[in-house]
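Chemist: sharing a model that was predicted from the sequence below.
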Number of protein chains: 4
Amino acid sequence: MKTIKDSVHGHIEVGGVARDLLDTALVQRLRRVRQLGTVDLVYPSANHTRFEHSLGVYHLADRALGHLGIEGREAERVRAAALLHDVGHSPYSHNLEALVYRHTGAEHDDVEELLAGGEVAAILEAHDLDPGRIAGLVAGEGRLGQLVSGELDIDRMDYLVRDAHHTGVPYGTIDHDRLVRELRYLDGELVLDEGNVQTAESLLVARALMNPVVYSHPVARIGKAMLRRAAERLLDAGLAADDLRRMDDADLIVALREHAATAADAARLDRRDLYKRAVWAELRDTPDDLVDADHDAIRERERTIAERAEVEADDVILDVPSRPSMTESSTRVVVSGEIRPLGRQSTLVEALDAIQRDQWRLGVYAPDDAAERVGNAAANVLGLDIDGALVSDVRPGTHTTLDEFATE
Amino acid sequence: MKTIKDSVHGHIEVGGVARDLLDTALVQRLRRVRQLGTVDLVYPSANHTRFEHSLGVYHLADRALGHLGIEGREAERVRAAALLHDVGHSPYSHNLEALVYRHTGAEHDDVEELLAGGEVAAILEAHDLDPGRIAGLVAGEGRLGQLVSGELDIDRMDYLVRDAHHTGVPYGTIDHDRLVRELRYLDGELVLDEGNVQTAESLLVARALMNPVVYSHPVARIGKAMLRRAAERLLDAGLAADDLRRMDDADLIVALREHAATAADAARLDRRDLYKRAVWAELRDTPDDLVDADHDAIRERERTIAERAEVEADDVILDVPSRPSMTESSTRVVVSGEIRPLGRQSTLVEALDAIQRDQWRLGVYAPDDAAERVGNAAANVLGLDIDGALVSDVRPGTHTTLDEFATE
Amino acid sequence: MKTIKDSVHGHIEVGGVARDLLDTALVQRLRRVRQLGTVDLVYPSANHTRFEHSLGVYHLADRALGHLGIEGREAERVRAAALLHDVGHSPYSHNLEALVYRHTGAEHDDVEELLAGGEVAAILEAHDLDPGRIAGLVAGEGRLGQLVSGELDIDRMDYLVRDAHHTGVPYGTIDHDRLVRELRYLDGELVLDEGNVQTAESLLVARALMNPVVYSHPVARIGKAMLRRAAERLLDAGLAADDLRRMDDADLIVALREHAATAADAARLDRRDLYKRAVWAELRDTPDDLVDADHDAIRERERTIAERAEVEADDVILDVPSRPSMTESSTRVVVSGEIRPLGRQSTLVEALDAIQRDQWRLGVYAPDDAAERVGNAAANVLGLDIDGALVSDVRPGTHTTLDEFATE
Amino acid sequence: MKTIKDSVHGHIEVGGVARDLLDTALVQRLRRVRQLGTVDLVYPSANHTRFEHSLGVYHLADRALGHLGIEGREAERVRAAALLHDVGHSPYSHNLEALVYRHTGAEHDDVEELLAGGEVAAILEAHDLDPGRIAGLVAGEGRLGQLVSGELDIDRMDYLVRDAHHTGVPYGTIDHDRLVRELRYLDGELVLDEGNVQTAESLLVARALMNPVVYSHPVARIGKAMLRRAAERLLDAGLAADDLRRMDDADLIVALREHAATAADAARLDRRDLYKRAVWAELRDTPDDLVDADHDAIRERERTIAERAEVEADDVILDVPSRPSMTESSTRVVVSGEIRPLGRQSTLVEALDAIQRDQWRLGVYAPDDAAERVGNAAANVLGLDIDGALVSDVRPGTHTTLDEFATE
């Protein structure tokens, strides 16, 4: 047993297959991939990494397995999957995910390929574990996959608490210890035991409160949009998407600095000299076809806006988040002895669903001195139902939070 | 300036009138009145007192005044009111409030009377402060009264965090520092500044999550019902209600132990030998006239149930909470430059309102060996719409939590 | 298994014999005995009880047993001893210990008698455990007794962290998790495993830092001296010492209020209207025979001082702590494969020993208006080697800390 | 005022010159310089940066100035110096400091040069502040320089708490709030006010406990030695030392990966495939001339050891820390009205001094498979007084801690 001190969970004991996997290149690379991508532009303390998160997920998995009474090879499989679940992540975690998927034609991380051969496969096989099954667990397959990747997964239990600890925003402080204790398998389904409707709700509430303040903070979104745009230029300039996804944060930062096509972007990100919001529009003010537009259509709109505003094409970024959805509503809880989806049991889930739609924002970003012109052009081009006066004034809207540490 | 170390806020600096008030009998008595009454029967660490809470409210008031730019005598008045706001509390804080009000004919704590004369009045007057106006602030009167007792009051900001710290339940961990910073006066109304809809929501969510797990935990409610019943016996035996309300926790505990009419109750409470739930019914299953029944009607029903169940009258406690209401929905937030009530702005408030109704429970309690008979009798007498099988089985219902540390 | 939420350790699982012992009168009484006696006069949040501490010690014992690989009846014995180790404590914990011992002729708590019969004995026997052996463990007997009561005991590991949490003073924040993990038995001795000299030192340092700021804070000591004096009056007035030691804090508070001989003391304590320091002398300035004086000799000196100062006998309290000793210096650590006493291995232990002597203070206390006269008389009567000017000026000395929250 | 959320201090308000300095390239670069260099090889959560630390120091400076009553331009100067105090740090903070100094001939960071011109100078001048005086404060000059860089500096108060928060090691949890409150100027000297000998001691104790467990953990030292060696190869291969010191962590990581001379080192660091300890010798076992040897002499010994052990020259790293010294012993405290150096007042300081000498270790590191041979050769070449059997066995010695997360 190796004991590792973690700032969130205290002492984490690592044994068995996990111990052997720990010092592999695939897992160690996660030390250089920050958990929250560009969120550190808003919260300077948010420098924690996928490595410590993976250890945390491993730890919670190990404890959940104990409470569930799962042992032996089955348990080792879950522990391996927990430690490996993020090895396919691109640099800056989820910031470049969509870009990489689009350019590789993938629909998810290539965990299966990564585990199929080489050092990790050898270790798994030495422990009599099948790499394909581990990849399956990471993908959420089967009864045990629900634990690694599902509505009640330990991934979420770790990241909420960890992100709260490192940003200083308390909303993510859930009772993960209780959640792990109350997991049960009933009829092959992972559920929360009787008396835990509220425990389940608290998990959803924590995410709903963290979302606009941390994960989708406007400044973090602008930084992410700028980074994505710059990374796209690297791909256009010949970098293979498969190489991009294998980089760590340091590789990407330096690549952006060194390449002529992206040096200016890198300088902006390095200095936190970010674009500003030219438009910030609610879902109800945004035409449906724009919400559902694909990447090409969005790039096309950007060009039209730039022309109309008489600015460089690069001076406009149109940032359209995907439609809100709340998968947790299918979290299963036991109520009076039967399994029920939380969404049917809890009034709160419905409200959180509505909140998520309220919190959705379309953003158009531009350099400070072009923001007003771009805003006016964008409202016109995109057919946004916005009162003219508010366009470049930034509509803070219902659920947007104070721009802590924003230059705006 | 005196500096006091507090487990929640760190160093609290006490000066001016507050410093002089600190060592008065009225304020020092709060050291022996626990903040959460019988909640320590569920959470053994919940032994914090009204004294440290009052200091915390004073501290937050002082900081809010700084952010609001209020100084001089007006500020001193608020500080005095903050420190004194709980001096009228009975032993066991809110546990005996209704009982005391019923027996004294009062509708609220007698803060006005307490401040009108004696040591405290002398100190207030020496600082050129009018006791009546301080009592008015405690009652929530005026612009500044909203800060001490209103929808956005600092009372709540302190107790949620403090109760979380001392119970170990994390749900109350709000961002009180941000709340205090974002308070503003607009058109004479205390509001949360632009961009804080979510900050306001987080306060409501924290209370909604703490409520069933802490404040209305079944075991705490049973303890409270038993205590209230015992205290009522003391009043019936001749104790004056005005003497009861001046006691501290130690006085009451010992009085219950020493009086023949209550020695058995005291022994039960001392040993945590509590009644059990015979019925635990939702709002929708409870007849309206029962929800709105007054004290006499409830005692009458208890007697009928006891007769039907063939047990002693003392063996039945019928515990009917008041109808749920959510005053916070009128919390005022600034959105796009105008003041709006949170209830109109936030989808969440409506949901929390519904949740509060979901969480409401009527309880019938009885000694362990009588619980089944009492449950059956009660369902019948009270006309509850409960499936017979569940009566004494305790319906955990939607939002009830695990009975941590319950003997049940 | 019952799960109890604790503010320090999170979820504590209570099973086996401990679960049955939990709701006995002997254990439940500890809910009404505060852990730190009069320390709440300095730190208003220090209201935690012997009950939650006992649960914490039980929890750490359970975890230590797991790491040590001890199971079965032997482990159950330790768990029972951990939960029961404080049942013999008087009200206000250690504040009245010496008084009770003197009046009963005892040399330690009467745990053996308490466990020998009644409810607890019946439970122990039902679990096939011998009450006498449990009492032996509490007294530190044998290999396992070292775990419950010894140089490396879990009692200390719990109270340091708990007292830090509840006072807000961070110095007690030790790494108890690591301490529990590193315990080993070697040649029948409880030791800290290789590489833990510093872990052992950190435990000693924590206590040395907490001592003058918390445990021996001047205001706490004055409160304790006044309480002890008042309790002694109750005994003189006929209260049996064996009854006193069975009281809880509420019983004692009310007894002091109700008895004519102590009502004035109770009023002072209730209002925090404490005596002031008339003398505060270092060890090197105090004659040896005074340091070693017994109770009668001390009372005799008080009377002489009072006469000389022309004040009532009750207006003088002479408070002479026992000589400093550092039992932890015999803590055993493994260094290069052999067991060594920490005192021989660590330069720090020697220093802490010297610090403890530096921190020792003799106190003479008196009502505010008599303090100067009493101070001068006491210096003279006691033969203290103090520069006259400093006598009633209070010598803050080397290691005395700021009087946070003192009225002095 | 801009408000920034920090994981340690909560909300930090940044105004005046600090606000303008915040988004300069010089300050923003600190976002990519980790606070603890290679310590993350031991504590995976230790990814915090010089940027958040600089903000923290700014915050504590601001609060200290408030308590000290210093305002106006003098205060702005201190705030600027606090925010800028680390801008001269090389990548990996102190890990490469000695190397950079040797190659540039400098004796300290080139803060003066960095502030003398460009963007930062312009901002300082716009606020009517002289860059040279700010640099002087960073260097500890004058009365106010003691606050920024001295025995009682706020730098230390921030980093101890921050490092504790991010590593999870509790020993650094000092009472920084009290320290900041108790600072005074007396006769032009920065001192801790009366009654704070212990407060001063607690700061020293924290550092003494953090040192071997965090700052000088063997694995962190090995990582640092490997990094330093690799960086030296980059310099030998033509990189200018002045370019190296301006890099951030990402630049350096990628430079090491990309250069042929260091690609193997980078791969080892990336994979945490570290050298092992071949020798770990105490100060008393190490010849004086070796302790005081300069860089050339050390490289010469490495070559001799390598020859004797018949391994590549690169396979031996000799790591000789500088002689222990304890500057804090001159911390000034007020005792009985006069200023005294803590070292003369406190028994503990002397002990900590001895401990520091006890904790000193010379290390010889080598690849795993060469460690035994190298160890034997080194003991012989270096004339270490070590029992043969222990050479490559690693002498854990008195104060070395468990290798948490070491592969060794």
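Modeler: The structure has been received and is ready for your questions. Since we're looking at a predicted model, the values are computed, not measured.
Chemist: tell me the phi and psi of residue A:352?
Modeler: Main-chain dihedrals, residue A:352, degrees, to the nearest 10: phi -70, psi -30.
Chemist: okay, now the domains of chain A?
Modeler: A:2-168, A:275-323+A:360-408 (automatic domain parsing).
Chemist: how distant is the shortest one from the center of its chain?
Modeler: By that I understand domain A:275-323+A:360-408. Put simply, domain A:275-323+A:360-408 sits 22 Å off its chain's centre (CA atoms, centre = their mean, to the nearest Å).
Chemist: circling back to that earlier point, quick check: which of the domains of chain A is buried the most?
Modeler: Highest mean neighbour count of the domains of chain A: domain A:2-168, a mean of 21 (counted as mean count of other CB atoms under 10 Å in any protein chain shown). C-beta: built from backbone N, CA, C; applies to glycine.
Chemist: about what we covered before: which one, of the domains of chain A, ends up nearest to residue B:166?
Modeler: domain A:2-168 (19.9 Å; CB to CB).
Chemist: and that closest one with chain C, contact?
Modeler: Yes: contact of domain A:2-168 with chain C (CB under 8 Å from any CB of the partner chain) involves A:3, A:10, A:11.
Chemist: show me the one of the domains of chain A that comes nearest chain B.
Modeler: Using CB to the nearest CB as the measure, domain A:275-323+A:360-408 is the one of the domains of chain A that comes nearest chain B, at 4.2 Å.
Chemist: okay, the domains of chain A in CSV with mean pLDDT next?
Modeler: As requested, the domains of chain A are exported to CSV (pLDDT from 0 to 100):
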stretch, mean pLDDT
domain A:2-168, 95
domain A:275-323+A:360-408, 80
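Chemist: so which of those domains is nearest residue B:249?
Modeler: Ranking these by proximity to residue B:249 (CB to CB) places domain A:2-168 first, at 35.1 Å.
Chemist: from start to finish, how long is that closest one in a straight line?
Modeler: Start and end residues of domain A:2-168 are separated by 29 Å (CA to CA, to the nearest Å).
Chemist: ok, it near chain B or not?
Modeler: No: between domain A:2-168 and chain B, judged by CB under 8 Å from any CB, nothing touches; the nearest distance is 8.8 Å.
Chemist: go through the domains of chain A and name the closest to residue B:363.
Modeler: Closest approach to residue B:363 among the domains of chain A (CB to CB): domain A:2-168, 30.3 Å.
Chemist: so who does residue A:2 touch?
Modeler: A:13, A:14, A:15, A:19, A:22, D:405 (CB atoms under 8 Å, 6 or more residues apart in numbering or on different chains).
Chemist: tell me who's in contact with the fourth one.
Modeler: Neighbour list for residue A:19: A:1, A:2 [criterion: CB under 8 Å, 6+ apart].
Chemist: where does it land in three-state SS?
Modeler: Secondary structure, DSSP: H, G, I helix; E, B strand; the rest coil: residue A:19 is helix.
Chemist: next one: it from residue A:131, what distance?
Modeler: Distance from residue A:19 to residue A:131, counting by CB to CB, to the nearest Å: 18 Å.
Chemist: quick one: residue A:199 from residue A:193, how far?
Modeler: Using CB to CB, residue A:199 is found at 9 Å from residue A:193.
Chemist: on that earlier part again, which members of the contacts of residue A:2 occur in strands, if any?
Modeler: Mapping the contacts of residue A:2 onto strands (DSSP state E) picks out A:13, A:14.
Chemist: what about residue A:350, how many neighbours?
Modeler: Around residue A:350 sit 17 other residues, with neighbours defined as other CB atoms under 10 Å in any protein chain shown.
Chemist: that one: which element?
Modeler: Using DSSP states H and E, residue A:350 sits in helix A:347-359.
Chemist: may I see the buried residues of stretch A:350-360?
Modeler: By neighbour count on 16 or more other CB atoms under 10 Å in any protein chain shown, the buried set for stretch A:350-360 is A:350, A:351, A:352, A:353, A:354, A:355, A:356, A:358, A:359, A:360.
Chemist: ok, now which ones touch the first one?
Modeler: Contacts here follow CB under 8 Å, 6+ apart; on that basis residue A:350 touches A:343, B:351.
Chemist: retrieve the pLDDT associated with it.
Modeler: Looking at residue A:350, its pLDDT stands at 78.
Chemist: how far away is it from residue B:361?
Modeler: In terms of CB to CB, residue A:350 sits 22 Å off from residue B:361.
Chemist: tell me the secondary structure for the residue of the stretch 251-400 of chain A at minimum distance from chain C?
Modeler: Residue nearest to chain C within the stretch 251-400 of chain A (CB to the nearest CB): residue A:334, separated by 17.2 Å. Per three-state DSSP, the local secondary structure of residue A:334 is strand.
Chemist: isn't residue A:100 right up against residue A:241?
Modeler: Yes: between residue A:100 and residue A:241 there is a contact under CB atoms under 8 Å: 5.6 Å.
Chemist: what are the boundaries of the strands in the stretch 201-350 of chain A?
Modeler: Along the stretch 201-350 of chain A, counting by DSSP state E, counting those that start in this stretch, strands occupy A:276-282, A:317-319, A:332-335, A:338-341.
Chemist: so for residue B:87, which of these sits nearest?
Modeler: strand A:332-335 (43.6 Å).
Chemist: give me the contact list for that closest one.
Modeler: By CB under 8 Å, 6+ apart, the list of residues contacting strand A:332-335 reads A:151-152, A:184, A:186, A:189-194, A:196-197, A:200, A:339-342, A:345, B:396, B:398.
Chemist: identify the farthest-apart pair in the contacts of residue A:2.
Modeler: A:15 and D:405 (13.3 Å).
Chemist: how close does the most centrally placed residue in chain A sit to residue A:50?
Modeler: Central residue of chain A (CA atoms, centre = their mean): residue A:94, 4.7 Å from the mean position. From residue A:94 across to residue A:50, the span is 10 Å (CB to CB).
Chemist: quick one, helices of the stretch 101-250 of chain A?
Modeler: For the stretch 101-250 of chain A, the helices defined by DSSP state H, counting those that start in this stretch cover A:111-116, A:118-126, A:131-138, A:142-148, A:154-167, A:176-181, A:197-210, A:218-236, A:241-244, A:249-258.
Chemist: show the pLDDT at residue A:336.
Modeler: pLDDT recorded at residue A:336 is 74.
Chemist: typo on my end, it should be residue A:208
Modeler: On pLDDT, residue A:208 comes in at 85.
Chemist: neighbours around it, how many?
Modeler: Residues near residue A:208, counting by other CB under 10 Å, number 25.
Chemist: now do the contacts for it.
Modeler: Residues in contact with residue A:208 (CB under 8 Å, 6+ apart) are A:352, A:355, A:356.
Chemist: isn't the second one right up against residue B:348?
Modeler: Read that as residue A:355. Yes: if you go by CB under 8 Å, residue A:355 and residue B:348 touch, sitting 5.9 Å apart.
Chemist: do you know how far the spatially closest residue to the residue of the stretch 251-400 of chain A closest to chain C that is not a sequence neighbour is from chain C?
Modeler: Counting by CB to CB, 6 or more residues apart in numbering or on different chains, residue A:334 lies nearest to residue A:194, which is 4.7 Å off, once chain neighbours are set aside. To chain C, residue A:194 is 14 Å away according to CB to the nearest CB, to the nearest Å.
Chemist: residues near residue A:194, how many?
Modeler: 17.
Chemist: tell me the pLDDT at it?
Modeler: pLDDT at residue A:194 comes out at 82.
Chemist: make sure it is actually in contact with residue A:337.
Modeler: Yes: under the criterion of CB under 8 Å, residue A:194 makes contact with residue A:337 at 7.3 Å.
Chemist: what sits closest to the residue in chain A that chain B sits nearest to if chain neighbours are left out?
Modeler: Nearest residue of chain A to chain B: residue A:351, at 3.0 Å (CB to the nearest CB). Nearest non-adjacent residue to residue A:351, counting by CB to CB, 6+ apart: residue B:351, 3.0 Å away.
Chemist: ok, now residue A:130?
Modeler: residue A:124 (7.2 Å).
Chemist: go on, residue A:310?
Modeler: Closest residue to residue A:310 apart from its sequence neighbours, by CB to CB, 6+ apart: residue A:373 at 7.0 Å.
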